[in-house]
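Engineer: build me a model:
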Amino acid sequence: MKIPKYVVEVLSKIKDSGFEAYPVGGCVRDLLMDKTPKDWDITTSAKPAELLAIFPEAKYENTFGTVLLAFKDEAGLVMAVTEVTTFRSEQGYSDRRHPDEVIFETDIEKDLERRDFTINALALKFDHLPISDDHDYLSQRELDPGTWQIIDLFGGQKDIGKRVIRAVGEPSDRFREDALRMMRAIRFSAQLGFAIEDKTLRAIAKLAHTVRFVANERIRDELIKIISSPRPAEGILMLHKANLLKYILPELELGVGLAQNKHHKHTVFQHNVRSLQFCPSHDWRVRLATLLHDVGKPKSRKLVNDEITFYNHEYFGAKITEKIVHRLKFSNDDAIKVIGLVKNHMFYYNVDEVTAAAVRRLIVKVGKDNLKDLIDLRIGDRLGSDVAKAKPYKLRHLEYMFDMVQNDPVSVKMLKINGDTLMSELNIEPGPTIGCILDILLSDVLDDPALNNNDWLIARSLELSHLNLAELRTKAKQQIEEKRTAEDQSIKKKHWVK
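Structural biologist: Below is the predicted model:
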């Protein structure tokens with residue numbers, strides 16, 4: 001086993017001051033699984049005031065006995081942060097999330113009793129610690145055999161060996177204390193590849209409705225971790241099996257049992273989850289968009305000439321996704337990316353029909369930074385439909401076209417003239433008129449990049465300057481709508497083509 005120097009120093013200073021101190025929880029679990037811990041939590045018999053006396057630079061800004069220690073390099077940059085928490089027990093959870101009362105304890109047994117799962121109710125006890133004089137806080141210290149032991153009161157080591165998630169004590173009690181633990185159980189299952197013990201899973205299914213007491217931000221964070229895990233689809237299916245998904249993503253559950261047309265043998269829900277499973281991206285935002293890409297199908301489903309259709313389901317899906325990401329309080333940037341991928345996932349591309357101009361407009365529509373992500377979503381979509389090839393010739397050719405036009409003007413900023421040029425040449429004041437003219441110029445240049453030269457752009461601007469603002473806005477909108485209508489018609493005609 002190995003342990004970072006800064007953790008050794010914290011433990012040493014606390015023990016030298018006459019208190020007990022142990023690494024505890026997930027870091028011990030990771031060590032036993034031969035993984036490198038991301039975080040190191042320490043539990044101690046020292047009270048917060050006593051810890052602040054030992055570490056004057058520490059911060060204590062809560063009522064739960066947790067003191068934060070930051071370790072900086074010579075330049076003052078924070079290299080690592082660790083949490084040191086006093087042994088404690090907890091009583092009363094009226095909000096189903098936080099204890100009404102925290103009681104500081106004198107022995108570690110009481111502290112381990114309050115933890116969620118057996119695999120996390122583990123502590124590491126040392127007889128002596130490996131010390132060195134170097135200044136690298138992140139360097140690892142080898143633990144000598146026979147100098148440490150695991151404190152395991154609830155069979156956590158056995159459950160690690162059996163690859164099982166099991167609640168400490170009575171599962172219902174643990175989940176009534178903190179409803180978020182139900183999502184954490186499924187997150188650990190998806191991250192570690194562990195099964196959830198039957199009694200623990202039954203308790204989750206029984207108390208699933210209490211997840212409504214958890215703040216949406218906390219639900220969002222656990223959902224991101226599940227989707228980011230090595231087994232995201234298994235995690236979503238487990239949320240469904242445990243009755244949690246209908247409280248977290250009820251929109252997704254509308255696709256359960258909903259048949260699709262003859263080109264899809266899976267239900268809408270099955271297809272969404274399978275698409276997530278096969279999505280090649282490691283970006284959780286792309287994975288989430290892939291999971292939600294057909295979330296609009298239940299709302300758009302119609303029977304036309306005895307055939308099931310889902311025309312415009314991508315637009316329904318984008319609106320539904322917008323509600324989801326806002327409800328779960330995603331950042332604006334993350335929300336925009338996920339919504340945009342869902343909205344544009346039905347892009348139609350046929351080598352013989354789509355021109356370079358259409359590819360440039362697609363780039364404008366989805367953004368250069370999202371092109372690869374859109375391809376990854378499409379790959380998941382295809383494989384989620386049991387299509388043999390993840391990336392057929394059409395997609396490979398589209399990637400080629402992306403590369404071919406990547407230096408072509410696809411934004412107003414890439415035009416050879418700007419607002420200052422227009423004000424000088426047209427003798428007009430700053431205002432919305434300039435923006436409208438630039439938008440129309442870009443629309444023209446998207447069709448023919450050769451037009452992106454100073455002489456032609458100025459001549460075209462002079463033509464447009466005779467229109468008033470309302471007429472300019474109408475013209476700009478017409479040019480956009482004409483292209484969008486053509487795209488929509490292509491998609492509707494071949495809406496099943498992936």
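
Engineer: where does Y400 sit: helix, strand or coil?
Structural biologist: helix (DSSP: H, G, I helix; E, B strand; the rest coil).

Engineer: what about it, how many neighbours?
Structural biologist: When neighbours are counted by other Cβ atoms under 10 Å, Y400 registers 12. In short, each C-beta sits where N, CA and C put it, glycine included.

Engineer: tell me the buried residues in stretch 305-319?
Structural biologist: I308, T309, F310, N312, H313, E314, Y315, F316, G317, A318 (16 or more other Cβ atoms under 10 Å).

Engineer: list the residues that contact the fifth one.
Structural biologist: Pointing back at H313 there. D294, G296, K297, K299, S300, M346 (Cβ atoms under 8 Å, 6 or more residues apart in numbering).

Engineer: now, the buried residues of stretch 305-319 that are in strands?
Structural biologist: Among the buried residues of stretch 305-319, the members falling in strands (DSSP state E) are I308, T309.

Engineer: quick one: the helices in the stretch 201-350 of the chain?
Structural biologist: Here the stretch 201-350 of the chain has its helices, by DSSP state H, counting those that start in this stretch, at 216-228, 232-241, 245-248, 250-253, 268-278, 284-292, 297-300, 313-327, 332-344.

Engineer: ok, the residue found closest to T66 once you drop the neighbours it is linked to in the chain to E177 distance?
Structural biologist: Leaving aside its sequence neighbours, T66 sits nearest to T85 (Cβ to Cβ, 6 or more residues apart in numbering; 4.5 Å). Look at T85 and E177: by Cβ to Cβ, to the nearest Å, they are 17 Å apart.

Engineer: which one's more surrounded, these two?
Structural biologist: Per other Cβ under 10 Å, whichever of T85 and E177 has more neighbours is T85, with 21 against 18.

Engineer: so the more buried one: helix, strand or coil?
Structural biologist: strand.

Engineer: point out where the stretch 201-350 of the chain drops to low pLDDT.
Structural biologist: Applying pLDDT under 70 to the stretch 201-350 of the chain picks out residues 262-263.

Engineer: who's in contact with the residue nearest to T66?
Structural biologist: Contacts of T85 by Cβ under 8 Å, 6+ apart are D41, I42, T43, T44, F64, G65, T66, V67.

Engineer: what about burial for those residues, which qualify?
Structural biologist: By neighbour count, with 16+ other Cβ under 10 Å, these hold D41, I42, T43, T44, G65, T66, V67 as buried.

Engineer: reformat those as TSV; add secondary structure, pLDDT and distance to V325.
Structural biologist: TSV is the format used below for the buried ones among the contacts of T85 (DSSP: H, G, I helix; E, B strand; the rest coil; pLDDT from 0 to 100; distance: Cβ to Cβ, whole Å):
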residue	secondary structure	pLDDT	distance to V325
D41	strand	95	31
I42	strand	96	36
T43	strand	96	36
T44	strand	96	40
G65	coil	86	35
T66	strand	92	30
V67	strand	94	35
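
Engineer: can you tell me which of those residues is nearest E471?
Structural biologist: T66 (63.4 Å; Cβ to Cβ).

Engineer: correct me, but Y22 touches D41?
Structural biologist: No. Contact between Y22 and D41 fails when scored by Cβ atoms under 8 Å: they sit 9.6 Å apart.

Engineer: list the buried residues for stretch 248-255?
Structural biologist: Neighbour-count burial for stretch 248-255, counted by 16+ other Cβ under 10 Å, picks out I248, L249, E251, L252, E253, L254, G255.

Engineer: scratch that, stretch 72-80 is what I was asking about
Structural biologist: When neighbours are counted by 16+ other Cβ under 10 Å, the buried residues of stretch 72-80 are found to be A80.

Engineer: CA atoms only for that stretch, dumped as CSV, please.
Structural biologist: Provided in CSV are the C-alpha atoms of stretch 72-80 (Å, rounded to 0.1, in the frame of the first residue of the first chain):
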residue,chain,number,x,y,z
LYS,A,72,0.4,24.3,-1.3
ASP,A,73,3.6,24.2,-3.3
GLU,A,74,6.3,26.8,-3.1
ALA,A,75,4.4,29.0,-5.6
GLY,A,76,1.4,29.0,-3.4
LEU,A,77,-0.7,26.7,-5.6
VAL,A,78,-3.0,24.3,-3.9
MET,A,79,-1.7,20.8,-4.6
ALA,A,80,-4.1,18.8,-2.4
